[in-house]
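K.L.:
Give me a 3D structure for the following:
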Amino acid sequence: MRLPLFILCILAIHLTGCRNTTSTKYHQPKAQAPKSSVNSHKTFKAARVVETSQEGRSTGVGHGSSMAPLYSDNTVLVIHPIDYEDLEPGMIVAYRHSSGNRVVHRLIRKKGIHWISAGLNNIKQDQDLVTPRNLIGVVYASFQAKR
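P.N.:
So this is what the prediction gives:
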């Protein structure tokens, strides 16, 4: 006996476990920042080793929650210089904000010849654009100390 095609499809869906997901709610667990058992002195020392292994790198300690959960408050970051022309969307860059502070955020897209950036945890994009003049570099490494 030969079954109609639509019945075969229904049987295949039923047997393979497919289901209607419109009524099922899926909950994404809230991502958390990395944790570490290393104290802050050893963390900073490790970051300095990476920083000094190549000329032009700099180390800084992150503050705030704009890059959570990727980087938590007090994450030690090593910034590596990069040519402005080599930037791509999605890169995590450090740049000098118009206030003079260093900012580490993700590149979103180009606006003319400059870049729009935003923190991973921010709803709005940064008001300052990333330019060849204010670019410091890309995040090369990050080190999380025990809290």
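K.L.:
ok, residue 105 - how many residues close by?
P.N.:
25 (other Cβ atoms under 10 Å). (C-beta placed from N, C-alpha, C; glycine too.)
K.L.:
Find the nearest non-adjacent residue to it, please.
P.N.:
The shortest distance from residue 105 to any residue other than its chain neighbours is 4.2 Å, reached at residue 117 (Cβ to Cβ, 6 or more residues apart in numbering).
K.L.:
One more: residue 64?
P.N.:
For residue 64, ignoring the flanking residues on the chain, the nearest one in space by Cβ to Cβ, 6+ apart is residue 73 at 6.5 Å.
K.L.:
what ranges do the helices span in this protein?
P.N.:
Secondary structure of the chain (DSSP state H): helices located at 5-15, 40-52.
K.L.:
List the buried residues of stretch 112-123.
P.N.:
In terms of neighbour count (16 or more other Cβ atoms under 10 Å), stretch 112-123 has its buried residues at 114, 115, 116, 117, 118, 119, 122.
K.L.:
Between the two ends of that stretch, what distance do you get?
P.N.:
One end of stretch 112-123 sits 22 Å from the other (Cα to Cα, to the nearest Å).
K.L.:
how distant is stretch 131-142 from the center of its chain?
P.N.:
Relative to the chain's own centre, stretch 131-142 is displaced by 14 Å; criterion: Cα atoms, centre = their mean, to the nearest Å.
K.L.:
So which residues make contact with that stretch?
P.N.:
Stretch 131-142 is touched from outside by 47, 50, 56-58, 70-71, 75-82, 84, 87, 91-97, 102, 104, 114-115, 128, with contacts defined as Cβ atoms under 8 Å, 6 or more residues apart in numbering.
K.L.:
follow-up on the earlier one: which residues touch the residue nearest to residue 64?
P.N.:
Contacts were defined as Cβ under 8 Å, 6+ apart; by that measure residue 73 touches 62, 63, 64, 65.
K.L.:
ok, and the most crowded of those residues?
P.N.:
The member of these surrounded by the most neighbours (other Cβ under 10 Å) is residue 62, with 22 neighbours in all.
K.L.:
what's the closest residue to that one other than its chain neighbours in contact with, if anything?
P.N.:
When the adjacent residues along the chain are set aside, residue 62 lies closest to residue 75, with 4.5 Å between them (Cβ to Cβ, 6+ apart). With contact set as Cβ under 8 Å, 6+ apart, residue 75 has these partners: 33, 61, 62, 142, 143, 144, 145.
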